[in-house]
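Participant: Coordinates for the following, if possible.
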Amino acid sequence: MEAEDQIRDLVKKILLVIFIFLLFFIPGFIIFKTKFGAMDTNVINRLDKEDTFVILFTKEDCNFCKKTKNILKNEEIKYEEINTDRERYYDTIIHKLEISRNEIKEPTVMYIKDGKLKSSLVNINNKEELILYLENNNISKE
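Facilitator: Coordinates of the predicted model:
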């Protein structure tokens, strides 16, 4: 009987070690993957593929950002939104665009042609300004 008790105790200890390992490993792995994982943002992929598209830089609690999104929606302009308060690859994106943080005042619309920044409209505060920008850059329904 004593041998069976020792085996049971050993199995319990092994299961406890496995449980503790998984308890710490899984959250640690998720945190590591989130922080250092592959950059899977659509904007980075499109820049790398040298696509032509529109980016809208927004910010939380920005009324003009909401208005700009509505205007683009009403004009049927497709765009990629970058929320500067939440986008974890924001610095990578602006680096790929070869601009600095100072060049973006939300809301900002950028026209990307063949993966490169062609033009931008910064700190949009009225519809007419945005419509004129879209027309001048031949940005239309997509």
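
Participant: tell me the contacts of the most centrally placed residue in the chain?
Facilitator: Central residue of the chain (Cα atoms, centre = their mean): Glu87, 4.1 Å from the mean position. Shown in contact with Glu87 (Cβ atoms under 8 Å, 6 or more residues apart in numbering): Thr41, Ile93. Yep, even glycine has a C-beta here, placed from its N, CA and C like the rest.

Participant: From Ile94, how far off is it?
Facilitator: Distance from Glu87 to Ile94, counting by Cβ to Cβ, to the nearest Å: 10 Å.

Participant: any weak-confidence spans in this protein?
Facilitator: 1, 32-40, 142 (pLDDT under 70).

Participant: rerun at 80
Facilitator: Within the chain, the stretches with pLDDT under 80 are 1, 3, 28-40, 141-142.

Participant: biggest helix in it, by residue count?
Facilitator: In the chain, assigned by DSSP state H, the helix with the most residues is helix 2-36.

Participant: helix or strand right after that helix?
Facilitator: Using DSSP states H and E, the helix or strand that follows helix 2-36 towards the C-terminus is helix 42-48.

Participant: Can you mark which positions in that following helix are buried?
Facilitator: Residues Val43, Arg46, Leu47 are the ones in helix 42-48 that count as buried (16 or more other Cβ atoms under 10 Å).

Participant: before we move on, what about stretch 66-84?
Facilitator: Lys67, Thr68, Lys69, Ile71, Leu72, Ile77, Tyr79, Glu80, Glu81, Ile82, Thr84.

Participant: and if you look at stretch 93-100?
Facilitator: Ile93, Ile94, Lys96, Leu97.

Participant: Among those residues, which lie within helices?
Facilitator: Per DSSP H, the buried residues of stretch 93-100 map to helices at Ile93, Ile94, Lys96.

Participant: For the nearest residue to Ile112 once chain neighbours are set aside, grab phi and psi.
Facilitator: In space, Ile112 comes closest to Phe53 once its chain neighbours are excluded; the distance is 5.3 Å by Cβ to Cβ, 6 or more residues apart in numbering. Per-residue torsions, Phe53: phi -160, psi 180 (degrees, to the nearest 10).

Participant: again with Lys113
Facilitator: Torsion angles, degrees, to the nearest 10, at Lys113: phi -120, psi 120.
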